[in-house]
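Peer 1: with the input below, show me the fold.
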Amino acid sequence: MGNFDQGRAKKSLGQHFLVDRSAIARIAAAIPEGASTLEIGPGRGAITESLLKRVGKLVLIEKDDDLAAMWQERAESEDRLTLVHGDVMQCLLPTVAGHQPAWIAGNLPYNISGPLSAALFSLHLPGGLVLMYQREVADRINADAGSKTYGGLSVLARHFYDVKRLLVLPPGAFNPPPKVHSAVLLLTPHGREPACPFDDLQRTVRQGFAHRRKTINNNFRGDMSAEDWASVGIDPGTRPERLDYPAWARLATFLTAKV
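Peer 2: The predicted structure is shown next:
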């Protein structure tokens, strides 16, 4: 086993390692005992070690070459542990398809938190997601319709999941300390049948939030007539951040049927 307390965080990978033991315990406790779990970016293993004591099968995705080598060495003597060495944006979906985790946990790098979150929210997991973000990103995902911070990720997260903020972490909870606070979100399946395919919703949301300050009609000019807006029950003069998930789903369904 490698020494997981040594080695510096790499700025290029956006690494800030969680060291707050109370926070680590709460994050691990959010995942049920014995559940099959995937962890994104285990780093030096602060959360990983707690997960190993708790969950069943644990799969890790690690991009950093040095850390991946240490985890591979550990996996060779730990039957329940599997390492996938690679970029999460390339290997997330095949890893989930191959290992079928019930839960996914991870401290998401800020520079890819948007596209990675969208990919994670597209997964209909039987357990759920425990994800750490910069606080401003977490607040956007957790925001309700009508909030100034409500946006595309807020809508996509609610396709399969209910969203709840688990805890807020100050910079001092990490080494090295980031310049911002972080927050952990818990996403659990709401069990309702999705009103449309995720890809249709994502395409619609991307277009609908392209210009936040414009009305929804402006963002879909040429795609929707006054009669079309009436048929989906949306006021065309509404701004996109005022539309809740059911409204976005109705719009996605309508636009997909028109194509």
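Peer 1: hey, where'd the strands end up in the stretch 151-259 of the chain?
Peer 2: Counting by DSSP state E, counting those that start in this stretch, the stretch 151-259 of the chain has strands at residues 161-169, 174-175, 182-189.
Peer 1: name the residues that touch the shortest one?
Peer 2: Right, strand 174-175. When contacts are defined by CB atoms under 8 Å, 6 or more residues apart in numbering, strand 174-175 is touched by residues 9, 16-20, 182. For the C-beta atoms, the positions are set from N, CA and C on the backbone; glycine is no exception.
Peer 1: for those, work out which two are farthest apart.
Peer 2: 9 and 20 (15.5 Å; CB to CB).
Peer 1: which helix or strand contains the nearest residue to residue 72 once chain neighbours are set aside?
Peer 2: Spatial nearest neighbour of residue 72, chain neighbours left out: residue 83 (4.9 Å); criterion: CB to CB, 6 or more residues apart in numbering. Mapping residue 83 onto the secondary structure by DSSP states H and E places it in strand 81-85.
Peer 1: I figured residue 207 was touching residue 220, is that so?
Peer 2: Yes - if you go by CB atoms under 8 Å, residue 207 and residue 220 touch, sitting 6.7 Å apart.
Peer 1: and the helix ranked longest in the chain, what other elements does it pack with?
Peer 2: Longest helix of the chain, by residue count under DSSP state H: helix 245-258. Helices and strands touching helix 245-258, by 3 or more CB pairs under 8 Å, 6 or more residues apart in numbering; DSSP states H and E, are helix 198-208, helix 226-232.
Peer 1: only C-alpha atoms, please: export it in CSV.
Peer 2: The C-alpha coordinates for helix 245-258 follow below in CSV (Å, rounded to 0.1, in the frame of the first residue of the first chain):
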residue,chain,number,x,y,z
TYR,A,245,-39.0,20.9,-14.0
PRO,A,246,-42.5,19.8,-15.3
ALA,A,247,-42.6,22.9,-17.6
TRP,A,248,-39.2,22.1,-19.0
ALA,A,249,-40.2,18.5,-19.5
ARG,A,250,-43.4,19.5,-21.3
LEU,A,251,-41.4,21.8,-23.6
ALA,A,252,-38.8,19.1,-24.3
THR,A,253,-41.5,16.6,-25.2
PHE,A,254,-43.3,19.1,-27.5
LEU,A,255,-40.1,20.2,-29.3
THR,A,256,-38.9,16.6,-29.8
ALA,A,257,-42.3,15.6,-31.3
LYS,A,258,-42.1,18.5,-33.7
